[in-house]
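In: below: sequence and its predicted model.
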Amino acid sequence: MKSITSKKQPKNIIPAFGINLGITIAMLSALILIPLASILAYSLRLTPGDFFRTLSSEPVRFAFGTSILCSFIAAFINAVFGTIIAWVLVRYSFPGKRILDGLIELPFALPTAVAGITLSKMYSTTGFIGKIFDRYGIRISYTHIGLTIALIFIGIPFVVRAIEPVLEKYDPSYEEAACMLGAGKTETFFKVTLKELFPAILTGFGLAFARGIGEYGSVIFISGNSQKEHTQVISYMIMQKLNYLDYGQATAIALAMLIISFLLLLFINIVQIRQAKRKGA
Amino acid sequence: MNEKHTKPEKAVQIILILISVLFITVMLIFPLFSVIINALKKGFSFYLSALSTEYVLSALKVTLLATGITLLVNTFFGVIASFTLTKYHFRGKQILTTLIDIPFSISPVIAGLSYIMLFGSLGIAKPLLDRIGAFLGTDIQIVFALPGVVLATIFVTFPFVSREIIPVLNQQGSEEEEAAALMGAGFFTIFRKVTFPHMKWSMIYGMILCASRALGEFGAVSALSKTRGQTFTLPLEIDALYLSGTADSIVASFAVSSILVLISILILILRNLFEYRAKKG
């Protein structure tokens, strides 16, 4: 509803605006904002020296490195396979397609701890997949490979679900036009379709990446949490500091993590706004 | 597209479908079966006895309690918030929407930490809590007690219901409600007769997603719950059994996991049934 005469917001005709807005803000503040603000409040007690000393300590630095690197690789692999899967699920029809489509959501529905112990067992040297790789001297559980596999598991639905709706709405006439202008199928895909899908792929990548950095339940079992082998992830680090009642360091790490998630959120929002603008044009 | 498929095109199609099926089978279906196989490794009677220990029954009770309260709180919030955000005009709508979505982009461990920083022994609300406790003549425990478990579960699933309803109500617009209001209808009449029929299915869909995540939440609850047999939820019990490390306890942890797997398959089926109706509004 845009009023032409004045820039002021139009008056609300529907009753009970005040009380509804009040309940929304009150619940949001009490349950989410005030608890989060208390992390910020506590971190104000830390001096910048404390803050940087915590973040630059070797285990914390490695944990950040491990979390960010493994999440990035996992999100990248998911972006590739997620695009293929979304393409197959939207464009082709074949028996069992609906079941595959439903199964994509499994990582959302399966509790992370369950995923964690199962993956860790499957890929351990006695598990049925780990056994095969063990024969060639490759260990998966309790290494960075296992950690990345767990992150691929929890990240895949983000990518597929980000791309599917865009692909469904995508007008194939561009592809047909490109085809008529003499472009080959492969060329059309990479130059026309992929370009159109890119913002959605980037959004899915960003979501999977953000989820991976904060992930706890599904990774702590398979990662082995070894300080020596640098397989500790950053949320494990916070949990460890909490268990030692070292609230100062836990808050410092949490603050750094919050900053990273907000930057990622900002990135995703910018990508989505650009995408919306392009659709509008 | 109903153009003729050339031969190499058909081959590409088959290869892409095979890649998708292989990826989903290895990454998603194998872990699912692996839980069931591991759970039944020691026979069916062991399976049943593993499920009926005191710890598991207590964990089941805590899980159901936390999920029930979470559903009530988040559905109430979701309905009010989505009504407020879609039916009224006010400044700062976009900011409010973003703030509600915060729990999506935050590590569950940080959710747990934030309640420790608020209500824990060093927390900023601890003096207030003590004063209320003294006034009521009881000692109010939130952190490392049941209220903490419930609050952590509410935190991580906070946006689930509102997020499903908002797009549907946005699509519907607010003309119907405004017309009803101009004819003199009160808020409850408008809500019951006009808005609710539109949001019904998306609300149920959001509740399914919320329940699914609440049942399986691990990281946030893990930071706030330390007493096995009292405040442990099923995922925490699975963690405790798995980490005890004896062959029996590992099989028992998979047995407990299998219940959550069955629930998540059920939820997956429900999701797929409701998704279509929910998106249609």
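Out: That came through fine.

In: quick one: low-confidence residue ranges for the stretch 151-281 of chain B.
Out: Residue ranges of the stretch 151-281 of chain B with pLDDT under 70: B:280-281.

In: ok, now which ones touch the residue of it found nearest chain A?
Out: Here the stretch 151-281 of chain B gets closest to chain A at one residue, residue B:216, 2.6 Å apart by C-beta to the nearest C-beta. (Each C-beta comes from the backbone N, C-alpha and C, glycine too.) Taking C-beta atoms under 8 Å, 6 or more residues apart in numbering or on different chains, we find residue B:216 in contact with A:109-114, B:235, B:260, B:264.

In: before we move on, what about residue A:51?
Out: When contacts are taken as C-beta under 8 Å, 6+ apart, residue A:51 is in contact with A:43, A:252, A:255.

In: the second one - nearest residue in space that isn't next to it in sequence?
Out: Pointing back at residue A:252 there. Using C-beta to C-beta, 6 or more residues apart in numbering or on different chains and skipping the chain neighbours, the partner closest in space to residue A:252 is residue A:54 (4.1 Å).

In: could you measure from the closest residue to residue B:209 other than its chain neighbours over to residue B:110?
Out: With sequence-adjacent residues excluded and distances taken as C-beta to C-beta, 6+ apart, residue B:209 is closest to residue B:160, at 4.9 Å. To residue B:110, residue B:160 is 18 Å away according to C-beta to C-beta, to the nearest Å.

In: same check, this time on residue B:126
Out: Distance, residue B:126 to residue B:110, by C-beta to C-beta: 19 Å.

In: higher neighbour count, the two?
Out: More neighbours surround residue B:110 than the other of residue B:126 and residue B:110, with 29 against 17 (other C-beta atoms under 10 Å in any protein chain shown).

In: check which residues of the helix or strand harbouring residue B:273 are buried.
Out: Secondary structure from DSSP states H and E places residue B:273 in helix B:247-280. Neighbour-count burial for helix B:247-280, counted by 16 or more other C-beta atoms under 10 Å in any protein chain shown, picks out B:250-261, B:263-265, B:267-268, B:270-271, B:274-275, B:278.

In: any part of that helix near chain A?
Out: Yes. Helix B:247-280 is in contact with chain A by C-beta under 8 Å from any C-beta of the partner chain, via B:250, B:253-254, B:257, B:260-261, B:264-265, B:267-269, B:271-272.

In: in a markdown table: these, plus distance to residue A:176.
Out: Below are the residues of helix B:247-280 next to chain A laid out as a markdown table (distance: C-beta to C-beta, whole Å):
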| residue | distance to residue A:176 |
| --- | --- |
| B:250 | 56 |
| B:253 | 55 |
| B:254 | 52 |
| B:257 | 49 |
| B:260 | 47 |
| B:261 | 45 |
| B:264 | 42 |
| B:265 | 41 |
| B:267 | 40 |
| B:268 | 36 |
| B:269 | 38 |
| B:271 | 35 |
| B:272 | 32 |
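
In: inside helices: which ones of the contacts of residue A:51?
Out: In this view, the contacts of residue A:51 that belong to helices under DSSP state H are A:43, A:252, A:255.

In: which one of those residues has the most neighbours?
Out: Highest neighbour count within the ones in helices among the contacts of residue A:51: residue A:252, with 24 neighbours (other C-beta under 10 Å).

In: so is stretch A:253-270 next to chain B?
Out: Yes. Against chain B, stretch A:253-270 shows contacts by C-beta under 8 Å from any C-beta at A:254, A:257-258, A:261-262, A:264-265, A:269.

In: could you export that stretch as PDB, CA atoms only?
Out: Only the C-alpha atoms of stretch A:253-270 are listed here, as PDB (Å, rounded to 0.1, in the frame of the first residue of the first chain):
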ATOM      1  CA  ILE A 253      35.400 -17.000  20.900                       C
ATOM      2  CA  ALA A 254      31.600 -16.700  20.700                       C
ATOM      3  CA  LEU A 255      31.900 -13.000  19.900                       C
ATOM      4  CA  ALA A 256      34.300 -13.700  17.100                       C
ATOM      5  CA  MET A 257      31.900 -16.400  15.800                       C
ATOM      6  CA  LEU A 258      28.900 -14.100  16.000                       C
ATOM      7  CA  ILE A 259      30.800 -11.500  13.900                       C
ATOM      8  CA  ILE A 260      31.500 -14.200  11.300                       C
ATOM      9  CA  SER A 261      27.900 -15.300  11.100                       C
ATOM     10  CA  PHE A 262      26.700 -11.700  10.800                       C
ATOM     11  CA  LEU A 263      29.100 -11.100   7.900                       C
ATOM     12  CA  LEU A 264      27.900 -14.200   6.200                       C
ATOM     13  CA  LEU A 265      24.200 -13.200   6.800                       C
ATOM     14  CA  LEU A 266      24.900  -9.800   5.300                       C
ATOM     15  CA  PHE A 267      26.600 -11.500   2.300                       C
ATOM     16  CA  ILE A 268      23.600 -13.700   1.700                       C
ATOM     17  CA  ASN A 269      21.200 -10.800   2.100                       C
ATOM     18  CA  ILE A 270      23.100  -8.700  -0.500                       C
END
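
In: so what touches that stretch?
Out: Contacts to stretch A:253-270, defined as C-beta under 8 Å, 6+ apart, come from residues A:36, A:39-40, A:43, A:51, A:54-55, A:60, A:64, A:68, A:203, A:206-207, A:209-210, A:213-214, A:234-235, A:237-238, A:241, B:98, B:105-107, B:109-110, B:113.

In: average model confidence for that stretch?
Out: For stretch A:253-270, mean pLDDT rounds to 89.

In: contact partners for the residue most central in space within chain B?
Out: Taking C-alpha atoms, centre = their mean, the centroid of chain B lies closest to residue B:213, which sits 2.5 Å from it. By C-beta under 8 Å, 6+ apart, the residues touching residue B:213 are A:108, B:156-157, B:160.

In: do residue A:122 as well
Out: A:128-130, B:30-31, B:34.

In: helices - which of the contacts of stretch A:253-270 land there?
Out: Assigned to helices by DSSP H, the following of the contacts of stretch A:253-270 qualify: A:36, A:39-40, A:43, A:51, A:54-55, A:60, A:64, A:68, A:203, A:206-207, A:209-210, A:213-214, A:234-235, A:237-238, A:241, B:98, B:109-110, B:113.

In: now the contacts of residue A:51 in JSON lines, with distance to residue A:178?
Out: As requested, the contacts of residue A:51 are exported to JSON lines (distance: C-beta to C-beta, whole Å):
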{"residue": "A:43", "distance to residue A:178": "53"}
{"residue": "A:252", "distance to residue A:178": "52"}
{"residue": "A:255", "distance to residue A:178": "49"}
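
In: where does the stretch 1-150 of chain A dip in pLDDT?
Out: For the stretch 1-150 of chain A, the stretches flagged by pLDDT under 70 are A:1-10.

In: number of nearby residues for residue 123?
Out: I'll assume chain A. Neighbour count for residue A:123, taken as other C-beta under 10 Å: 26.

In: try chain B instead
Out: A count of nearby residues for residue B:123, using other C-beta under 10 Å, gives 22.

In: let me know the pLDDT of it.
Out: For residue B:123, the model assigns a pLDDT of 85.

In: sec struct for it, please.
Out: With DSSP: H, G, I helix; E, B strand; the rest coil as the basis, the three-state label of residue B:123 is coil.

In: re the thing from before, just give the number of residues close to the residue nearest to residue A:252.
Out: 21.

In: contact partners for it?
Out: For residue A:54, the contact set (C-beta under 8 Å, 6+ apart) comprises A:60, A:248-249, A:252-253.

In: most surrounded residue in these?
Out: Going by other C-beta under 10 Å, residue A:253 tops the contacts of residue A:54 with 26 neighbours.

In: which parts of the stretch 51-200 of chain A are helices?
Out: A:58-91, A:97-103, A:106-109, A:112-122, A:130-135, A:144-169, A:173-180, A:185-188, A:194-214 (DSSP state H, counting those that start in this stretch).

In: most tightly packed of those helices?
Out: When the helices of the stretch 51-200 of chain A are scored by mean count of other C-beta atoms under 10 Å in any protein chain shown, the highest mean neighbour count falls to helix A:112-122 (a mean of 28).

In: now that one against helix B:247-280, angle please.
Out: Here helix A:112-122 runs at an angle of 130 degrees relative to helix B:247-280 (axes from the mean of the first three to the mean of the last three C-alpha atoms, to 10 degrees).
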